[in-house]
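A.B. asks: structure for the following, please:
(one chain, ligands or ions: 1)
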Amino acid sequence: MTTTAETTTAHATAVVAFDQVTKSYGTVRAVDGLSLALYPGETVALLGPNGAGKSTTLDLLLGLKQPDSGSLSVFGTGPREAIVAGRVGAMLQSGGLMDEVTVAELVKLACGLHPRPYRPADVLARAGVAQIADRKVNKLSGGQEQRVRFALATAGDSDLIVLDEPTTGMDVSARQAFWATMREQADQGRTVLFATHYLEEADAIADRVLVLHRGRLLADGTAAEIKAKAGARRIAFDLEGVIDEAALHGLPFLTSLTVSGQTVRAQSTDADATVHALYGLGVYPRNLEVAGLGLEQAFVAITEAEEAKQSC
Ligand SMILES: Nc1ncnc2c1ncn2[C@@H]1O[C@H](COP(=O)(O)OP(=O)(O)OP(=O)(O)O)[C@@H](O)[C@H]1O
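C.D. replies: You can find the predicted model right below:
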């Protein structure tokens, strides 16, 4: 049983704590009674379909928006105090870049504003923008802009780094360099929270995955736990000759089934029973594979199940 003293200690050590936070825009409830805590050294992915409330959650965390109800703290204080103290670095989806200044000038400014700044030359190099340091910010490509935002988020020694869809528009090498740098930051004990639609990045990078849906926390765990929570497995096999699709659709425990040429792909909540029944149809499946869901499939399964529940 958790005692009051233990609860207080847990809150004291949390980097970020949301307690029943709600935020609406008119009639749209973007964040709906959200409670969560992030702890030092965690790399946490925030996932959710479009409009799930990810950006609003990050805006609340950064003090850019105020909750309608509930409370939240960052390092035990309000978000603004934590930011002023230089404990939070952030990379948002848009805005934040001034026109008519060069990349070097902007990075120097960001370093100058940080209470625990890094050397501008190091920040430029780490973000991979040293070669374009003399370019005007309003002349950059989308991917270059993202790198500059990354430079601004890492201008100083912050304890929490918040990233909203950070790799959108980055090419493959920029992405790899970006995540390598983020890993270094996390290895040094920093907490990293990032919202993304790239589920393979969440799977590869995050220690913990939060799934938001309509402003609520639908799942919270490691990528492996999220995959297990989806409760389904993938089945794939080939069939020869004419395929009786209607018979296949009648197999038990299926959550989906598609036929493409001679290949059948399905998801089942009880793969053993589905495969057993498949043999019962008198067919002979070749190249039979049964595997767990990937994070992307698990995410789709969890969010679709929730949609179905809510529309009932
Ligand atoms: N300024 C605003 N005014 C009105 N509605 C808003 C505003 N900002 C967000 N919303 C609405 O709030 C909900 C949550 O939006 P939010 O941007 O937080 O979601 P998201 O998960 O970040 O979405 P995406 O993946 O598309 O970026 C959506 O329904 C959105 O339309």
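
A.B. asks: quickly list what the closest residue to residue 38 other than its chain neighbours is bridged to.
C.D. replies: Closest residue in space to residue 38, ignoring its immediate chain neighbours: residue 16 at 4.2 Å, by CB to CB, 6 or more residues apart in numbering. All C-beta atoms are positioned from the backbone trio N, CA, C, and that covers glycine. Residue 16 has the following beta-bridge partners by DSSP bridges: residue 38, residue 74.

A.B. asks: now do the same contact list for the closest residue to residue 141 other than its chain neighbours.
C.D. replies: With sequence-adjacent residues excluded and distances taken as CB to CB, 6+ apart, residue 141 is closest to residue 169, at 7.8 Å. By CB atoms under 8 Å, 6 or more residues apart in numbering, the contact set of residue 169 is 141, 142, 143, 145, 146.

A.B. asks: which among those residues gets closest to the ligand?
C.D. replies: For the contacts of residue 169, the closest approach to the ligand (CB to the nearest ligand atom) belongs to residue 146, at 15.0 Å.

A.B. asks: how many other residues sit next to that closest one?
C.D. replies: 23 (other CB atoms under 10 Å).

A.B. asks: SS state for it?
C.D. replies: Three-state call for residue 146 (DSSP: H, G, I helix; E, B strand; the rest coil): helix.

A.B. asks: got the residues of this protein near the ligand?
C.D. replies: Proximity of the chain to the ligand is confined to 25, 28, 30, 48, 50, 51, 52, 53, 54, 55, 56 under the rule CB under 6 Å from any ligand atom.

A.B. asks: now the third one: phi and psi?
C.D. replies: When you say that, I think you mean residue 30. Dihedral pair for residue 30: phi -80, psi -40, per degrees, to the nearest 10.

A.B. asks: show me the contact partners of stretch 75-89.
C.D. replies: Stretch 75-89 is contacted from outside by 11-12, 15, 60-63, 72, 74, 90, 114-116, 152-162, using CB under 8 Å, 6+ apart.

A.B. asks: buried subset of the contacts of residue 169, written for PyMOL?
C.D. replies: Buried residues within these, by 16 or more other CB atoms under 10 Å, are selected in PyMOL with:
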select buried, resi 145+146
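
A.B. asks: excluding chain neighbours, what is closest to residue 110?
C.D. replies: Using CB to CB, 6+ apart, the nearest residue to residue 110 is residue 155, at 3.9 Å.

A.B. asks: show me what secondary structure element comes after the helix or strand containing residue 194.
C.D. replies: Residue 194 is part of strand 191-195, with elements assigned from DSSP states H and E. Later in the chain than strand 191-195, the nearest helix or strand by DSSP H and E is helix 199-205.

A.B. asks: work out the gap between that following helix and the centre of the chain.
C.D. replies: Once both centres are worked out by CA atoms, centre = their mean, to the nearest Å, helix 199-205 turns out to sit 8 Å from its chain's centre.
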